[in-house]
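Visitor: quick check, what structure comes out for this input:
(chains A and B)
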Amino acid sequence: MEKGNASALDCPQTRLVFLLRRVSGQALAHSLGRKFFRFLLTVQGLGAFAMITLGVILRKIRTARHLIWPLIFQQTARAGSRLLPMFLFLAVALGLLVIGQTVSWLTRVGAINFLGTIMVIVVVRELGPLLAAFLVLARIGTANVIELGTARARGEVEALEALGVDPVHYLVVPRVIGMAVGVSALTVYLILGALVSGYLWAFVQDVPLRPGEYFRQLAGALSGLDFALLAVKTSAFGFIIAIVTCYHGLAQPLRLEEVSAATVRAVAQSVVACVLIDALFIIIYLAV
Amino acid sequence: MDVPPTKPGAAAIEMQAVAVSAMRDQSIQVAEGINWTVAAGDYWVVAGLQGAGKSDFLMMTAGLMPPAQGSYRLFGEEMPIFDEARLNHRLRLGLVFDGGQLLNHLTVWENVALPLLYHESFAETEAHKEVQKLLVALELAPWAESTSGTMSRNWQKRVGLARALALRPEVLLVDTPLTGLDLPHVNWWLALLDQLSKGHPLLQGRPVTLVVTAADLRPWKGRAKQFAVLKNRRLAVLGTWEQAEAAKGELLDEVYE
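Guide: A predicted model of the protein is given here:
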């Protein structure tokens, strides 16, 4: 602090503090602003890519059938039937997790007749679809980004364009349809497996619940809306994961060394998108 | 493939004041002020050093990106053509990439069959005959079930050529076909391009208009009919070999000793 009549603001230390506050405040605002605009651009890009893909699906569903339809079946098998063993394991684990955590508490409060309801709410409406989506994202979504990103970096997309082959039609449409169907089918498989394994775990824990009573509880907790929304939600998950991963692999010119960063971005954005869609469906459930 | 009627008197390729951007970053211009006409049946070699913009120029010519400026017509039709109604017109032009740019997950057979299966809606059995003809003519039959990762550059380039020829183009653009090849393969390419220029049985004896890029003009002496050099962001049209030799100087020093 200087001696004499100098004010506190003239002190070098004080000026430095104010300067740092102003710089970090501005830097923070700039950083947040940049992130926000990048977010908007990403949403715009993804939205445009999704619209283009839907347009190609609608316009070209009969084009090059001999070539494209086998690719659709291939991608459906890849995002569906090939994951059955892993999903069986997860179904058993999910049933255990839910039952293991809830059964002792439900028994204590004498609410064991709510077991079926809890399974429906937790497994059918929330965990089942999200878990299936995240697993397909981890196994197939990441592979999409790597395959398409590598193809982009190697110039294969330009090769397709030079041959007059629509890259979206050939590379993206089979993956989108395959993943939408695959996630839906795997979710149903996971849910059924979890519900059955949930009962088996309850049986192992000596829960006084007959199978008939358990399935009556499940049937009572399920409504037609559950089936309809499950089909739409899981297809939406599959669609959005395919769109995000294909977008990051394909839409921008990529170098080989950028493929890993694109994969990480795609996974993060897919997770966020799925959670947002899930939140939207919760609102629909609550509103109806 | 149905070929639409050509407008009478139209050149195969006609560029006026065309500027070319880089494919990877279209804000960068690699060439400008290009005035160039390729007549049907011509055999051009466009020389230039690495980084001169030969590949970008060829990709713009193939219609993969629009010219940054100017006008470019293919058989009288404005390019590029992205709408599907006129896709048949754009496919009168084929492009062979420098490295072949094969689809890595497909076998040689599948790569060559891809355009046939996509455009001509051939079932696999029908495509088989056409693809087999191409593979045999280009000595690729032993590689039919191989993927590009198991092949050398010599053979990858040939597969790229087979794939481009599958749609029987009238104009063939070939990006540095001789780069990185062994001598027997160099001679094979030179002989095949000669045949394509004069009329090859694969295309029912119809001569193909050729535009080839090269970093070295020496192998092309006595083969190609017209020459040009891409240098300092300009396309200098030299004409015939004799005219090119007469113009020997700064333009040719780096591509022809």
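Visitor: give me the element the spatially most central residue of chain B is part of.
Guide: Central residue of chain B (CA atoms, centre = their mean): residue B:173, 1.2 Å from the mean position. Using DSSP states H and E, the element containing residue B:173 is strand B:171-174.
Visitor: ok, and what's touching that strand?
Guide: B:12-13, B:38, B:58, B:61-62, B:74, B:92-96, B:161, B:164-165, B:193, B:196, B:208-213 (CB atoms under 8 Å, 6 or more residues apart in numbering or on different chains). Glycine gets a C-beta too; all of them are placed from N, C-alpha and C.
Visitor: elements contacting the longest helix seen in chain A?
Guide: Looking across chain A with DSSP state H, the single longest helix is helix A:12-59. Packing contacts for helix A:12-59, counted by 3 or more CB pairs under 8 Å, 6 or more residues apart in numbering or on different chains; DSSP states H and E, involve helix A:173-204, helix A:224-250.
Visitor: avg pLDDT for the next helix-or-strand element following the last one?
Guide: Under the assignment DSSP H and E, the closest C-terminal helix or strand after helix A:224-250 is helix A:259-287. Confidence over helix A:259-287, taken as the mean pLDDT, stands at 92.
Visitor: again with stretch A:65-80
Guide: 92.
Visitor: output that stretch as PDB, nothing but the C-alphas.
Guide: This file holds the C-alpha atoms of stretch A:65-80, laid out as PDB (Å, rounded to 0.1, in the frame of the first residue of the first chain):
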ATOM      1  CA  ARG A  65     -33.100 -52.600 -53.600                       C
ATOM      2  CA  HIS A  66     -30.800 -55.400 -54.500                       C
ATOM      3  CA  LEU A  67     -28.000 -53.500 -52.900                       C
ATOM      4  CA  ILE A  68     -29.500 -51.500 -50.000                       C
ATOM      5  CA  TRP A  69     -32.000 -53.900 -48.500                       C
ATOM      6  CA  PRO A  70     -29.400 -56.600 -47.800                       C
ATOM      7  CA  LEU A  71     -27.300 -53.800 -46.100                       C
ATOM      8  CA  ILE A  72     -30.400 -52.900 -44.000                       C
ATOM      9  CA  PHE A  73     -30.800 -56.500 -42.900                       C
ATOM     10  CA  GLN A  74     -27.000 -56.700 -42.200                       C
ATOM     11  CA  GLN A  75     -27.100 -53.600 -40.000                       C
ATOM     12  CA  THR A  76     -30.200 -54.800 -38.200                       C
ATOM     13  CA  ALA A  77     -28.500 -58.100 -37.400                       C
ATOM     14  CA  ARG A  78     -25.400 -56.200 -36.300                       C
ATOM     15  CA  ALA A  79     -27.400 -53.900 -34.000                       C
ATOM     16  CA  GLY A  80     -29.700 -56.600 -32.900                       C
END
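Visitor: from the chain's centroid, how far away is that stretch?
Guide: 21 Å (CA atoms, centre = their mean, to the nearest Å).
Visitor: could you do stretch B:191-210 as well?
Guide: For stretch B:191-210, the distance to the chain centre is 13 Å (CA atoms, centre = their mean).
Visitor: using PDB, list the CA coordinates for it.
Guide: In PDB, the C-alpha atoms belonging to stretch B:191-210 read as follows (Å, rounded to 0.1, in the frame of the first residue of the first chain):
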ATOM      1  CA  ALA B 191      -0.800 -49.500 -73.200                       C
ATOM      2  CA  LEU B 192      -4.300 -49.700 -71.700                       C
ATOM      3  CA  LEU B 193      -4.900 -46.000 -71.800                       C
ATOM      4  CA  ASP B 194      -3.800 -46.000 -75.500                       C
ATOM      5  CA  GLN B 195      -6.300 -48.700 -76.200                       C
ATOM      6  CA  LEU B 196      -9.100 -46.900 -74.400                       C
ATOM      7  CA  SER B 197      -8.300 -43.800 -76.400                       C
ATOM      8  CA  LYS B 198      -8.500 -45.700 -79.600                       C
ATOM      9  CA  GLY B 199     -11.400 -48.000 -78.700                       C
ATOM     10  CA  HIS B 200     -11.300 -51.000 -76.300                       C
ATOM     11  CA  PRO B 201     -13.400 -54.100 -76.700                       C
ATOM     12  CA  LEU B 202     -14.600 -53.600 -73.100                       C
ATOM     13  CA  LEU B 203     -16.500 -50.500 -74.300                       C
ATOM     14  CA  GLN B 204     -17.600 -52.000 -77.600                       C
ATOM     15  CA  GLY B 205     -14.700 -50.300 -79.400                       C
ATOM     16  CA  ARG B 206     -15.900 -46.800 -78.600                       C
ATOM     17  CA  PRO B 207     -13.000 -44.400 -78.000                       C
ATOM     18  CA  VAL B 208     -12.900 -42.800 -74.600                       C
ATOM     19  CA  THR B 209     -12.000 -39.100 -74.000                       C
ATOM     20  CA  LEU B 210      -9.100 -39.200 -71.600                       C
END
